[in-house]
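Trainee: Sharing a model that was predicted from the sequence below.
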Amino acid sequence: MAFTLPDLPYAIDALAPYMSQETLEFHHGKHHQTYITNLNNMMKGNEFENAALEDIVRKTYNVADKAGIFNNSSQHWNHILFWECMKKNGGGAMPGELEKRIKDSFGSVDDFKAQFAAKGAGQFGSGWVWLVSTANGKLEVTSTPNGVNPLCFAGQKALLGCDVWEHSYYIDYRNRRPDYLKAFLDNMVNWEFVARQL
């Protein structure tokens, strides 16, 4: 079963000026497509050829001779979530239940945003910052290197993911990763999608 590039759930220019059409053309059309092309080529004729994407990620994490399959499958999964985490005119107020859970776990929405932005800015090199729900129902902010994601850790479910690889922001923000993270939280996040992930 070959994987394919999902359509963006909004127009290619819908996130401007916070994420430009040029960024999406490169990030979605080239970077994400490359992960899919590589993954499809690597899976031909092996035990993962007809496996579900989540199973591939879990079964190849930390398996040395499957690193290429892991990197490309996890990045495909990460980006599927990432595109859904954003919308035109995003940010703003959260749905009630999500806001309550955020306040219960972090004290306030502002404290959550500050922790998420700090964790994303502090992720050394390439990686991701996540809002996850844990096995005990608590919400936590985590970060992961490269393509590692919450599927790799028992009891974690990704609610929100933000790509902090340079290709996700360098066209629009150059080296100002904190500005990108602020724009993501304040102007791009689809909080309704995040609430549905709960």
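Mentor: Happy to help now that I have it.

Trainee: can you give me the strands for this structure?
Mentor: Using DSSP state E, the strands found in the chain span residues 127-133, 139-145, 157-163.

Trainee: got the ones you listed as TSV, with mean neighbour count, mean pLDDT and distance to Ile12 columns?
Mentor: Where you see a C-beta, it was placed from the backbone N, CA and C, and this is true even at glycine. Below are those laid out as TSV (neighbours: other CB atoms under 10 Å; pLDDT from 0 to 100; distance: least, CB to CB, whole Å):
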stretch	mean neighbour count	mean pLDDT	distance to Ile12
strand 127-133	24	98	22
strand 139-145	18	98	27
strand 157-163	23	98	17
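
Trainee: How much space separates the residue of the chain most remote from its centre from Leu151?
Mentor: Here the chain reaches farthest from its C-alpha mean at Gly45, the gap being 29.0 Å by CA atoms, centre = their mean. Counting by CB to CB, to the nearest Å, the separation of Gly45 from Leu151 is 24 Å.

Trainee: Leaving out the residues flanking it, which one is nearest to Gly92?
Mentor: Spatial nearest neighbour of Gly92, excluding adjacent residues (CB to CB, 6 or more residues apart in numbering): Trp191 at 7.2 Å.

Trainee: Show me what the nearest residue to Cys162 once chain neighbours are set aside is bridged to.
Mentor: Of all residues not flanking Cys162 in the chain, Val129 sits nearest, at 5.0 Å (CB to CB, 6+ apart). Here Val129 shows beta-bridge partners Ser143, Cys162, assigned using DSSP bridges.
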